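Trainee: okay, sequence plus prediction incoming.
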Amino acid sequence: MKTVVQSGRLVINQLYTTLCTRSVAMGNCKSSPTVSSNNSNNSVAKTCEQPSQDPKVSNSANQHEQINKGEGNAVLKSSKPVEEEKPIAPFVPSDPGASVEAVVCNFDDLKDGEMREVEVGKKGKALLVRENGEYSAVGAKCTHYGAPLVKGALYNGRVRCPWHGACFNVKTGDIEDFPGLDSLPKFDVEVRGAKVVVKTTEKNLESHKRVKHMACGSPDVETTVLIIGGGGSAIACAETLRQEGFKGKVIMATKENCPPYDRPKLSKALTSTGVDLALRKPEFFLIYDIDIETGKEAISVDTMLKSVSFTDGDTINYDTLVIATGGRPRSLGVSGSDIPEVLLLRSPDDANKIASLSKGKNAVIVGNSFIGMEVAAYLVGKAKSVTLVGRSEVPFQAVLGQKIGDSLKKMSEEKGVKFVGGASVEKCIGSDGHLTEVVLNNGNTISADICIVGAGVTPATDFLRNSGIDLTRNGLVEVNQFMKSSKDNVFACGDVTHFPLFLNGGDKVNIGHWQMAHAQGRIAALNIMEQDTEIQSVPFFWTQMHGKSLRYCGYGAGHDDIVIHGQPDDLNFIAFYIKDNCVKAAASMNMDPLVSQIAEVMASGNTITKDEILEDPKGFQHRLL
């Protein structure tokens, strides 16, 4: 451990030495101080010099596959560095395995705008696409949760996942919209006479995920990008910076006690740990020089000195700052809300505690929107009783409407969830320091051993109050279409932003979706790299309860009409949310890929009218031709 005094403050840097095996694409790796910290045991810091093309350097292909899949431990080996301007991904396998090729169809079997899942050898599948008279092939499964892309929406050179809306370029396999971090493998396609042949290697078929080429840090580049936060927008920003060739320092400082994880799963799988939910293995951040500082909560920002202060006494200087702190759960704020069994859900530790304390107990959940409904779905059958209290009469009423909300309520009631609508909690009562009852504003009392509060979030931006950065009255960071704040070199992304939504005529909104957080993180990074890229992502979210999934795309706030096709009570429907005779959003269950197709129409800048879908829910599909 090395102690350094820099800019009048104490700096402790723990220098990590890691034995690794580099591929022919890598150069020397050496430890390098990256952050001023009194808590360096939470930090991983390494700088990679320029990639090497020395053919004498050998590498284990399996090591590459383990890192790209987030598995195993990396082993690096040094070689002579040479200049290389393009971002290079470490661990390119030196032995890609045997070549594989397969005749997958006749040239005329597919028409333009069609796709097919095809077998390639004995080990893999590919998504075969024909557009503009040309064939291309990429991985067949979405890199987010593995959905079959052949069931998704194909339009204008990209395919959108039917489950959660991630988009991939069908020529390159690169991810273009989210959720998820990885791209698809790309396969070569050759037309031989009347036959279409897909060619690749055995290694390329082993995983349906591909990490995009990324740069490493260089000791010659002293620029620092500091990202405050550790959620989806933060990791998307950090990875995009490296993908675009940024070789300065990337520091992610998060108050969480673990690296970035799959936050939407918290309310669906309460026993999962931070390790279970991790978006990347720890060695990934080491390899790509992304310094994760956990347990660091920001308390102030000085935009003049370009520094951020933290609760542990540390100060980190930056050249560019990215605010990605997300939201914090709203507390009840009533008498008795400090009783230990009154819990919020924000972290894996919170989720684990809720799961443990609820077993065989009377559970009351406050809030009948997404978090509350998903937690109720998880606990029913495990807790003695599950009662959900909400201000609206039915769940999701403001977003999905009365009829859809009532159908989802009935589904949960059939599983054993009890509902109390049109009510709020007035106080919590305990005995001997433990929760016993929850009293509602209508005078009714519910027996409760545990109370889980899922009543929304507020932006975690208190530390910005005296920074001079423009905030809304409720604490959201004002940003433009490039995710830039009111201060130079300060960006924001994710749930904390008040940003212009192109679907909303450029009017500013706040959207707390996992997909949008990823998209904004990417856009922030592109504009840090001076690429002048506007946020043009279509909001897309999903929820899952009792084994059933609902998809939603668009922005339906203020809708004045709802057109429903199908049977909501049978959980087989699509609902169109209308404003001024135009479709602003859509939600469906068991009608894939309609929502993904609608999202693609919206992304293209086209508008679906009410008349188009009034009689036929597929009446808009001509816009995809």
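Mentor: Ah, there it is.
Trainee: per-residue confidence at the residue nearest to C428 when sequence neighbours are not counted?
Mentor: In space, C428 comes closest to G336 once its chain neighbours are excluded; the distance is 3.2 Å by CB to CB, 6 or more residues apart in numbering. C-betas here are computed from N, CA, C, even on glycine. Looking at G336, its pLDDT reads 97.
Trainee: hang on, isn't G336 packed against I429?
Mentor: Yes. When contacts are counted by CB atoms under 8 Å, G336 is listed as touching I429 (5.9 Å).
Trainee: and these two? which has more neighbours close in?
Mentor: Using other CB atoms under 10 Å, the more surrounded residue of G336 and I429 is G336, with 19 against 14.
Trainee: what residues are up against that one?
Mentor: Going by CB atoms under 8 Å, 6 or more residues apart in numbering, G336 touches V342, K427, C428, I429, G430, L435.
Trainee: can you list these in JSON lines and add pLDDT?
Mentor: Listed next are the contacts of G336 as JSON lines, based on pLDDT from 0 to 100:
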{"residue": "V342", "pLDDT": "98"}
{"residue": "K427", "pLDDT": "97"}
{"residue": "C428", "pLDDT": "98"}
{"residue": "I429", "pLDDT": "98"}
{"residue": "G430", "pLDDT": "97"}
{"residue": "L435", "pLDDT": "98"}
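Trainee: let's have these in a markdown table, adding secondary structure and distance to I446.
Mentor: Shown next, in a markdown table, are the contacts of G336 (DSSP: H, G, I helix; E, B strand; the rest coil; distance: CB to CB, whole Å):
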| residue | secondary structure | distance to I446 |
| --- | --- | --- |
| V342 | strand | 13 |
| K427 | strand | 12 |
| C428 | strand | 10 |
| I429 | strand | 10 |
| G430 | strand | 14 |
| L435 | strand | 11 |
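Trainee: R623 falls within a helix, correct?
Mentor: Yes. Counting by DSSP: H, G, I helix; E, B strand; the rest coil, R623 is located in a helix.
Trainee: pretty sure it sits against I598.
Mentor: No. Applying CB under 8 Å, one finds R623 not in contact with I598, separated by 9.5 Å.
Trainee: now the common contact residues for those two.
Mentor: I608.
Trainee: just the strands in the stretch 201-350 of the chain please.
Mentor: Ranges of strands in the stretch 201-350 of the chain, per DSSP state E, counting those that start in this stretch, are 224-228, 249-253, 290-293, 298-302, 307-310, 315-317, 320-323, 327-329, 342-344.
Trainee: residue contacts, the nearest residue in space to N352 that is not next to it in sequence?
Mentor: Excluding its sequence neighbours, the residue lying closest to N352 (CB to CB, 6+ apart) is T271, at 6.3 Å. By CB under 8 Å, 6+ apart, T271 lies in contact with A351, N352, A355.
Trainee: now name the helix or strand holding G372.
Mentor: Per DSSP states H and E: G372 is located in helix 370-379.
Trainee: what helices and strands are in contact with that helix?
Mentor: Applying 3 or more CB pairs under 8 Å, 6 or more residues apart in numbering; DSSP states H and E, we find helix 370-379 packed against helix 348-358, strand 362-366, strand 385-389, helix 402-415, strand 540-545.
Trainee: can I get it as PDB, trimmed to CA atoms?
Mentor: Taking C-alpha atoms only, helix 370-379 is exported to PDB below (Å, rounded to 0.1, in the frame of the first residue of the first chain):
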ATOM      1  CA  PHE A 370     -44.900  -2.200  -9.800                       C
ATOM      2  CA  ILE A 371     -42.700  -2.800  -6.700                       C
ATOM      3  CA  GLY A 372     -45.600  -3.500  -4.400                       C
ATOM      4  CA  MET A 373     -47.300  -5.900  -6.800                       C
ATOM      5  CA  GLU A 374     -44.100  -7.800  -7.600                       C
ATOM      6  CA  VAL A 375     -43.200  -8.200  -3.900                       C
ATOM      7  CA  ALA A 376     -46.700  -9.400  -3.200                       C
ATOM      8  CA  ALA A 377     -46.400 -11.900  -6.000                       C
ATOM      9  CA  TYR A 378     -43.100 -13.200  -4.500                       C
ATOM     10  CA  LEU A 379     -44.300 -13.400  -0.900                       C
END
